[in-house]
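> My questions concern the predicted model and sequence given below.
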Amino acid sequence: MASQEGNRIDLMTLPPQQLAQLKEQLEQQIEQFSMNFQDLQNAISGFHSSGLAIEDLSRQKEGKDVLIPLTSSLYVGGTLGNPDNVMVDIGTGYYVEKTAEGGRDYCKRKVMILTKALEDLAEIIKAKRQQVQQCQRVLQMKMQQFQQQEQQGASV
C-alpha cells in the first residue's frame, strides 16, 4: 500500500502505467523535499553562525573599528557602538533590537526549531523512498506476470 494525499491505494489494483506515474510523482516529491532539506540545513548553519558572531561581538570593546558586510563580497568600515545591543533580523525585513544574550537565545531557539523541522522532513523523505521502492517492487512483479502470460500465450 502507498499513501497518496492521505488516501490509501492498493498498488496491486493499479495498471503498470499508473504505477510508473505514481513512482515518478513520488520521486519528484522526494527531489523537492531534498531541496527543502538542504535549505533547512543552510538556515540552521546561518543561525548558528549568527549566534557565534553575536557572542564574539559582545566580547568586543565599544569604539572598535569593524567591517560591516553589506553583501557577501562588499564590506564597509564602521565603529562598534554598544556591543551589548544587537539588531536581529526576525524575517520579512523586520528587525528587533535585543541584548546580546537575547540575540544568542533567539538564534539558539531558531536552530532548535529548524532542527526539529529537519528531522521531521527526513522522516517524510524516508517514507517516500519506501513508497517508491514498494511501487518498484509491484511494478516489477506485474511486468514479470505480463511476460509469463505472453510466453504462455505464445506456446499455446
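Looks like it came in fine. The structure displayed is predicted, hence computed values, not measured ones.
> make it CA atoms for all contacts and neighbour counts henceforth
OK.
> Helices of the chain, start to end?
16-58, 100-155 (DSSP state H).
> Which of the helices and strands in this protein ranks last by mean pLDDT?
strand 2-4 (a mean of 46; mean pLDDT, DSSP states H and E).
> circling back to that earlier point, right, and the helices of the chain - which one's nearest Val86?
Proximity to Val86 (C-alpha to C-alpha) singles out helix 100-155 among these, at 5.9 Å.
> Could I get the average pLDDT for the closest one?
For helix 100-155, the mean pLDDT works out to 92.
> what's the spacing between Lys23 and Ala127?
Distance of Lys23 to Ala127, given as C-alpha to C-alpha, to the nearest Å: 13 Å.
> The two - which one has more neighbours?
Taking neighbours as other C-alpha atoms under 10 Å, Lys23 and Ala127 compare with Lys23 leading, 21 against 15.
> Excluding chain neighbours, give the residue nearest to the more buried one in space.
Nearest residue to Lys23, sequence neighbours excluded (C-alpha to C-alpha, 6 or more residues apart in numbering): Val132, at 5.5 Å.
> same deal with Gln136?
Lys23 (7.2 Å).
> Thr115 now?
That would be Ile44: by C-alpha to C-alpha, 6+ apart, it lies 7.1 Å from Thr115.
> Is that neighbour in contact with Val111, as I believe?
Yes: the pair Ile44 and Val111 passes the contact test of C-alpha atoms under 8 Å, sitting 5.3 Å apart.
> what's the overlap in contacts for those two?
Common neighbours of Ile44 and Val111, using C-alpha atoms under 8 Å, 6 or more residues apart in numbering, do not exist here.
> quick one: buried residues of stretch 139-148?
Neighbour-count burial for stretch 139-148, counted by 16 or more other C-alpha atoms under 10 Å, picks out 139, 142.
> Quick one: distance of that stretch to the chain centre.
36 Å (C-alpha atoms, centre = their mean, to the nearest Å).
> I'd like the distance between the residue positioned nearest the centre of the chain and Gly77.
Nearest to the mean C-alpha position of the chain, by C-alpha atoms, centre = their mean, lies Phe37 at 1.8 Å. As for Phe37, its distance to Gly77 is 36 Å (criterion: C-alpha to C-alpha).
> Quick check, Asn85 in contact with Val96.
No: between Asn85 and Val96 there is no contact under C-alpha under 8 Å: 10.2 Å.
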